[in-house]
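Undergrad: predicted model follows, preceded by the sequence.
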Amino acid sequence: MSHVLHAQGLRKRFGATVALDGAGLCLRAGEIHALMGQNGAGKSTLIKLLTGVERPDAGTVELDGRPIAPSSPLEAQREGISTVYQEVNLCPNLSVAENLHAGRYPRRFGLIDWRRVRAGARELLAQLHLDLDVDRPLASYPVAIQQMVAIARALGVSAKVLILDEPTSSLDEGEVQELFAVMRRLREQGMAILFVTHFLDQVYAVSDRITVLRNGTLVGEYTPGELPQAALVKAMVGRDVALAEGRADHADIPADAPVVLEARGLARRGALHTVDLQVRAGEVVALGGLLGSGRTELARLLFGLDRADEGTLLLEGARVDLRHPADAVERGLALCPEERKTEGIVAELSVRENIVLALQARRGWWRALPRSRQDELARHYVELLGVRTAGIETPVGALSGGNQQKVVLARWLATRPKLLILDEPTRGIDIAAKQEIMGEVVRLAREGMAVLFISAELEELTRLGDRIVVLRERRKAGELPGGSEGARVLDLIAGHA
Amino acid sequence: MSAVSLRALLRGGGVARLWRDPRYASLAVTVSLFVAMSVAGGVLYDGFLRPQVFLNLLIDNSFLLIVAVGMTFVILTGGIDLSVGAVIAFSTVLLASLVQHHGWHPLPAIGAVLVLGTGFGALMGVLIERYRLQPFVVTLAGMFLARGAATLVSVDSIGIDHAFHVAVASLRIPLGGRTSISAGALIALLVVAVGALLAAKTRFGRTVYAIGGNVQSAHLMGLPVERTLVQVYALSGFCSALAGVVYTFYMLSGYSLHATGLELDAIAAVVIGGTLLAGGSGYVLGTVFGVLVLGLIQTLIAFDGTLSSWWTRIAIGVLLLAFCLLQRLLARTGPAGGGGHG
Amino acid sequence: GGGEGGGAGDSITVGFSQVGAESEWRTANTRSVKEALAPPEFNLRFSDAQQKQENQIKALRSFIAQGVDVIAFSPVVETGWDTVLQEAKAAGIPVVLTDRAVKVSDESLYATFIGSDFVEEGRRAARWVIEDSEGKPGPIRIVELQGTVGSAPANDRMRGFKEVIGEDDRFVIVRSQSGDFTRAKGKEVMEAFLKAEGGNIDVLFAHNDDMAIGAIQAIEEAGLKPGTDIRIVSIDGVRGAFEAMKAGKLNATVECNPLLGPQLAQLIRDVHAGREVPRRVVVEEGVFTQDQAEAELPNRKY
Amino acid sequence: MATTDPDAQAPLPLHRRMLAHPLFWPLLALALLLLGNGLLNPGFLALEWRDGRLYGNLVDIANRAAPLVLVSMGMTLVIAARGLDISVGAVLAIAATVAAWTIGRMTAGGGTGLAPLFAAIGAALATAALCGLWNGVLVVKVGMQPIIATLILMVAGRGVAQLISGGNILTIYYPPYSFLGTGFLFGLPFPLYVAGALFVVLALLLDRTALGMFIRAIGHNPAAARVAGVRARAITLWLYVFSGFCAGLAGLLVSSNVASADANNAGQLLELDAILAVALGGTALAGGRFSLAGSLVGALIIQTLTTTIYAIGVPPQVNYVVKALLVVAVLLLQSPEFRARVRALARRPARGGA
Ligand SMILES: Nc1ncnc2c1ncn2[C@@H]1O[C@H](COP(=O)(O)OP(=O)(O)OP(=O)(O)O)[C@@H](O)[C@H]1O
Ligand SMILES: Nc1ncnc2c1ncn2[C@@H]1O[C@H](COP(=O)(O)OP(=O)(O)OP(=O)(O)O)[C@@H](O)[C@H]1O
Ligand SMILES: [Mg+2]
Ligand SMILES: [Mg+2]
């Protein structure tokens, strides 16, 4: 077997946090290799060490049997390692085409040949069956597409090794399949692919081999065949975890349960056609739809982040005019946004500050939460959601991606809202934590909170929703009762019904 | 399936898009406002719309234009360069002193000045990049240093009477119809052309935009962030020194108090031209119009000729305000992203 | 000159470029010029350069473009005028310099110069100091508050002062620092001088009255008597200086007369009519001391 | 890039904790400057009690720095919220002129007692706050870039001030007003109390309320702060008003100090000094991270630099060079990267810098 990339005994400390302690990895040509572990296990750190973003404190990395020590991503690229980092790491101000080619432009007479840049960009995107206007700035596209662009960029580098850190976290089923098709093709061509995900099905669908990390140490390397799901989870978590299959207790929300939020004919030009929606106290409404179907837009309108052109919004029966998210927060609404990096965390603030931010905003700047109360809240949610952090005073930016997501979630849970809107809240969260979070959401709903839960995952929709609302092409396509068959939901989403 | 859904996301497009695109729209607005202001001047004052008046905009602002081009690159990375005015002053003094007091021919003296300016900029770039110092303070210190160095060379203004320099200074290239343009203005136009090309069509220029968009990402994308940052400040230093040279053609003198406050004019021109101070978005061409707008405001005031000193200041402020307000109102979308190309 | 852009009838269109409004002296200068060049005889195009030479050159260009009859201006600095003055000459527009001279290669580029001589002002201040210190033994310790570093008045006043004071070896200039021509800076710098030199200062020479007025406050706050413990001479002769002299806090001020409007108007008339004018017109100026202050104060227009 | 800070988080020994404190390096710079002065000029650090007043260079520095401290406070908060206010110098001039003009009017009209004093203070501060509001509206409501929005007032503001003063320096012949800038209270100059009070009140306000956290959130990530329900725009608007107010206070001190208002020169280039003070104090000019105490120290550093230049008696032509070199030295001292490099060089001088 030819080892393309071989890493051994990697250690990395960040201050008091030991992110990696004797981790390693062995990547062979022509394989898709899944790297698994809980949030904060050290997957992204391992990748950063391999690609020169960070330097290891100890350990060796060999490429084709030759030791390498890249000191920058540029060097790693030159060595033939192409990487898509967790979170989109492209330049939002540059056009899609340029993001795909930055650093390796085709030139004519020494100058960049934009025509070929565009053409090349379209070609790259076509590999993923994407058809975008490549001249628009990247920022004008939703994260999912930015993620696809990042993947396409990595495909454009003629490399020996392709590393993908959670490429699928913001993609929906269709996009995931496109990506897998490409990965399989590259595998045929002999490329070594390292792939991080928290979706177990995806692991079994494409990977040839699995490496598991736990708390920064190497647990072992397995083939999917020798490691069934339960065993994989056990390897990652270190103990047995019961994976809930479906949920029996879809509550029958009484028809007279008070309606918390009602949207009548809500519409916004270019974003959403008229939508009616009701969410009752104690109810979890799951909102499904394809990428770009308008779910995020709807959530933003409900929260006053964007202004609707038409329609009315009623909160507990009374008309409200939300001009600013602050209005919504003051009235007991909460929106956990889709884009964690830009609209969610404030990376430089501490875990504590990020958690109390919305609650404090609701109280106003004058009535500060006492520090002891802040600490208490922060500790409570860190424990409840299993946030892996050195302490509550650690800047959130130093947390792993999944843990950042948990902090944003904690921020909104801490406000104890009347209506909680969650836009893809489980993105990048590991399987065990997902269980905990969904359990908490259901528990809060049973205590009387209304929940609007947006997800790209069929399973989450059917399991959580007391009612499932589906959007298609920016209008409401229909509603299904909780516990409906997955296939029926899928049909509605895709428009085959 | 997914390809269809994505395509649905992208409805619209076509030619109309070009107009709706905030990147081009803001440039178009700036240009239109410039034209509107000129017309207003023509209505108000006799002789305002003569071609030479507009050529004078170029001639009188050639040095500002040159530094503003350098400044555009600095600001595109999210930095700032406060030293430009002082570097101009230093360049003029040094050049004048070399020529007048040390018997140099202007050409080697110009070469020396350009090298020094570039090196000075690069030095500031190294401090900013290597030691993670804030550009504002480093270049502010650079400004003190360059001004100080200029006064050390000479506190008095030094007139230049070398035949070569005088010849270049009084050179007027006729453009027909009793209009002409100076050598300095030509140099400025050349700098603009090179700057625009550099920004749009070279790896250096595009890295500048990428850094302004997101440094971390630029780094992760494998772009040469460190080198480019140093180069950007070196470029700005070069442009300042070149502007200093053009200044000596304009004034035929070197003086330590030349170009005081010019840094602010340059920054203002760049920002009025539509470049975001936070970096990552803007055009060299926008900067040209930024400079022209500032020049036009001056010209309007000069043509009016009735304003007292303080009304002059108020008028500059009001015109600036009117321009920026209209610019904001007409460019409907906010200063969205857009390091456009091509 | 072609007066196409010019005003109505046979009034003389004058383009006047002022340095700025950086001091009371300058404001008074502007006012005097504006009053003297009033309609109907004159059609004044006034332009303020905000202390920048490039603005002034732009203004001159615009005057040329507008085709004024006569250009007058107070140059920010001495050098750098060749090109634009050549353009004026080519356009047939005569140029009158006010307030300070310029260095040009070709003397015919301007018709005449009316204004003060900064070097001479420095000399006069020094002469007053020497006179004032007659019979006193050396060393007499002088501190100097300079104007803005590099500005023409600062350079010249310093030069003139040193030239004369240097001939008498009783005097030493112990400290010299820029006070930027402002009261606030004058006070701050004087404060530092007093701290550094203790009571060992005999004479203060300030490049303008404002700095002297600021310094006087610093001296008083340090518990000394200005005008007595420290003899003070400054330049300009603004009203504030006369008030200070009247109060016995300032000893002398060398006048630098800004009210040259009427003289300028006459020169412009002559130049426009093509009459012969002297190359250099000196403004009438004097040195004022405390005993003249009370009598002179009501006459001060600025 | 992820920062690798070896000093973070772990329970550290006292000296390490001190080194890691953000105020340590600015304070060290200040101490070194003062010490250097003390060595060059033995009397420099002396303080003596004379006529019921504390007298000495240190008092002078603090006193002279007071206006800059005031302006830096407002500037710190504006910058922390991703803004910039380059109009402070002009606003100072306006406030000073308004105060002088008000006093002139009232005393000429026979106003006596303390009425003109309070009227002047009120008018000046109100005008300054209004200027700040103007800036805030242009930035927040109109959406102009802060540097341009405040540039407008910076240019026009002095014009307005000169319009009020008719281009003259307005001299104030009204002794009570002089107390603000030159008075003494319990042996210390009154401006120290003004600057001190503002600093303490502000520090308390930021500490005891959630304002500090909101400002940092806005500065680091305005979009996220907005989504979290922070009224980012309203807060930013008020910060501009506050910055104007601070400049107004400074204007009162400056005009009172010299008993006159100089519309053209008062507060000239103050904006640069204020931003420099803010930056020296460790505030990030890109927004978010800020330190009020740092800005206070920064302002003191700048004034000490100025006083140093006067005290060591360098010729005025050299002023700028000395200032530049000292500023660079202070900056480098504060740069962790530079210190790391120096340590590395010191450890193995043989190999040199790599
Ligand atoms: N720059 C940093 N500073 C401090 N700690 C860090 C830094 N980067 C990572 N860590 C810590 O290292 C540990 C491993 O993080 P890493 O990002 O590698 O996790 P991960 O396995 O990728 O998790 P996820 O699935 O959530 O992405 C975490 O505890 C994290 O807090
Ligand atoms: N690049 C784009 N082109 C067109 N529309 C876009 C684009 N980016 C965002 N949108 C807007 O987004 C809306 C749909 O995206 P939205 O994010 O609301 O859908 P979603 O169902 O939440 O999908 P996702 O799974 O991406 O979250 C569109 O109506 C459109 O207004
Ligand atoms: Mg990760
Ligand atoms: Mg969405």
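TA: All right, it came through fine. Ligands and ions are numbered 1, 2, ... in the order given.

Undergrad: up against chain D, what does the stretch 1-150 of chain C have?
TA: Applying Cβ under 8 Å from any Cβ of the partner chain, we find that the stretch 1-150 of chain C lies next to chain D at C:Gly20, C:Ala21, C:Glu22, C:Ser23, C:Glu24, C:Thr27, C:Thr30, C:Arg31, C:Gln146, C:Val149, C:Gly150. In short, each C-beta sits where N, CA and C put it, glycine included.

Undergrad: and A:Ile437, what element?
TA: helix A:431-446 (DSSP states H and E).

Undergrad: for the closest residue in space to C:Val174 that isn't next to it in sequence, give me its contacts.
TA: Distances taken as Cβ to Cβ, 6 or more residues apart in numbering or on different chains place C:Arg141 nearest to C:Val174, at 4.8 Å, with adjacent residues excluded. By Cβ atoms under 8 Å, 6 or more residues apart in numbering or on different chains, C:Arg141 lies in contact with C:Val172, C:Val174, C:Glu197, C:Asn200, C:Ile201, C:Asp202, C:Val203.

Undergrad: surely C:Arg141 forms part of a helix?
TA: No: under DSSP: H, G, I helix; E, B strand; the rest coil, C:Arg141 sits outside any helix and is assigned strand.

Undergrad: starting from the next helix or strand after the helix holding A:Ile437, tell me which strands it pairs with and how they run.
TA: From helix A:431-446 onward toward the C-terminus, using DSSP H and E, the following helix or strand is strand A:450-454. With DSSP bridges as the test, strand A:450-454 is paired with strand A:284-289 (parallel), strand A:419-423 (parallel).

Undergrad: all strands of the stretch 251-354 of chain D, in order?
TA: D:260-261 (DSSP state E, counting those that start in this stretch).

Undergrad: scratch that, chain C is what I was asking about
TA: For chain C, applying DSSP state E gives strands covering C:12-18, C:42-48, C:70-73, C:95-99, C:112-115, C:140-146, C:171-178, C:203-206, C:231-236, C:252-255, C:280-282, C:287-289.

Undergrad: got the residues of the stretch 51-200 of chain D near ligand 4?
TA: Nowhere does the stretch 51-200 of chain D come near ligand 4, counting by Cβ under 5 Å from the ion.

Undergrad: reduced to three states, what does the residue in the stretch 51-200 of chain D that ligand 3 sits nearest to come out as?
TA: Nearest to ligand 3 in the stretch 51-200 of chain D, going by Cβ to the ion, is D:Arg82, at a distance of 28.7 Å. For D:Arg82, the secondary-structure state derived from three-state DSSP is coil.

Undergrad: that one - nearest residue in space that isn't next to it in sequence?
TA: Per Cβ to Cβ, 6+ apart, closest to D:Arg82 is D:Gly287, 3.6 Å.

Undergrad: and A:Ile493, what is it in contact with?
TA: Shown in contact with A:Ile493 (Cβ under 8 Å, 6+ apart): A:Gly288, A:Gly289, A:Leu290, A:Ser293, A:Val470, A:Arg472, A:Ala477.

Undergrad: so where does it fall, helix or strand?
TA: For A:Ile493, the host element (DSSP H and E) is helix A:486-494.

Undergrad: near ligand 2 at all, that helix?
TA: No: with Cβ under 6 Å from any ligand atom as the criterion, ligand 2 is not reached by helix A:486-494; the gap is at least 10.2 Å.

Undergrad: near chain A at all, the helix or strand of chain D with the lowest mean pLDDT?
TA: Using mean pLDDT, DSSP states H and E, the weakest-scoring helix or strand in chain D turns out to be helix D:14-20, at a mean of 75. No: using Cβ under 8 Å from any Cβ, helix D:14-20 stays clear of chain A, with a minimum separation of 10.8 Å.

Undergrad: for chain C, what are the low-confidence residue spans?
TA: Along chain C, segments meeting pLDDT under 70 span C:1-9.

Undergrad: re earlier: how about the helix holding A:Ile493: buried residues?
TA: Using 16 or more other Cβ atoms under 10 Å in any protein chain shown as the test for burial, helix A:486-494 gives A:Val489, A:Leu490, A:Asp491, A:Leu492, A:Ile493, A:Ala494.

Undergrad: which residues sit against stretch A:367-386?
TA: A:39, A:351-352, A:355-356, A:359-360, A:363, A:387, A:389, A:392, A:406-407, A:409-410, A:413-414, A:432-433, A:436-437, A:440, D:208-210.

Undergrad: recalculate using a threshold of 7 Å.
TA: Residues outside stretch A:367-386 that contact it (Cβ atoms under 7 Å, 6 or more residues apart in numbering or on different chains): A:351-352, A:355-356, A:359-360, A:363, A:389, A:392, A:406, A:409-410, A:413-414, A:433, A:436-437, A:440, D:208-210.

Undergrad: now list the buried members of those.
TA: A:351-352, A:355-356, A:359-360, A:389, A:392, A:406, A:409-410, A:413-414, A:433, A:436-437, D:209-210.

Undergrad: return only those of those found close to chain B.
TA: Near chain B, judged by Cβ under 7 Å from any Cβ of the partner chain, there are no entries from the buried ones among the contacts of stretch A:367-386.

Undergrad: so which of the residues you listed sit within helices?
TA: Among the buried ones among the contacts of stretch A:367-386, the members falling in helices (DSSP state H) are A:351-352, A:355-356, A:359-360, A:406, A:409-410, A:413-414, A:433, A:436-437.

Undergrad: three-state assignment of the residue lying closest to A:Val96 once chain neighbours are set aside?
TA: Excluding the flanking residues, the one nearest A:Val96 by Cβ to Cβ, 6+ apart is A:Val134, at 4.5 Å. Assigned by three-state DSSP, the conformation of A:Val134 is coil.

Undergrad: B:Leu65 too?
TA: Classified using three-state DSSP, B:Leu65 is helix.

Undergrad: what sits closest to it if chain neighbours are left out?
TA: B:Leu65 sits nearest to B:Ala188 (Cβ to Cβ, 6+ apart), 4.3 Å away.

Undergrad: could you do D:Gln317 as well?
TA: B:Thr151 (4.2 Å).

Undergrad: what is the helix or strand harbouring that neighbour packed up against?
TA: Applying DSSP H and E as the criterion places B:Thr151 in helix B:135-153. Under the contact criterion of 3 or more Cβ pairs under 7 Å, 6 or more residues apart in numbering or on different chains; DSSP states H and E, helix B:135-153 touches helix B:84-101, helix B:106-130, helix D:270-280, helix D:319-334.

Undergrad: ok, residues contacting it?
TA: B:79-83, B:86-87, B:89-90, B:93-94, B:97, B:120, B:124, B:127-128, B:256, B:263, C:149-150, D:272, D:275-276, D:279, D:285, D:317-321, D:323-324, D:327-328, D:331.

Undergrad: which of those residues are buried?
TA: Buried among the contacts of helix B:135-153 by 16+ other Cβ under 10 Å: B:79-83, B:86-87, B:89-90, B:93-94, B:97, B:120, B:124, B:127-128, B:256, B:263, C:149-150, D:272, D:275-276, D:279, D:285, D:317, D:319-321, D:323-324, D:327-328, D:331.

Undergrad: quick test: name the residue nearest the centre of the chain.
TA: No chain was given, so I picked chain A. A:Arg427 (3.0 Å; Cα atoms, centre = their mean).

Undergrad: you answered for a different chain; I wanted chain D.
TA: D:Ser72 (2.3 Å).

Undergrad: hmm, that one is touching D:Leu276, no?
TA: No: taking Cβ atoms under 7 Å as the definition, D:Ser72 is not a contact partner of D:Leu276, at 9.1 Å.

Undergrad: C-terminal to whatever helix or strand D:Ala197 lives in, what's the next element?
TA: Using DSSP H and E, D:Ala197 maps to helix D:190-208. Per DSSP H and E, the first helix or strand lying C-terminal to helix D:190-208 is helix D:211-220.
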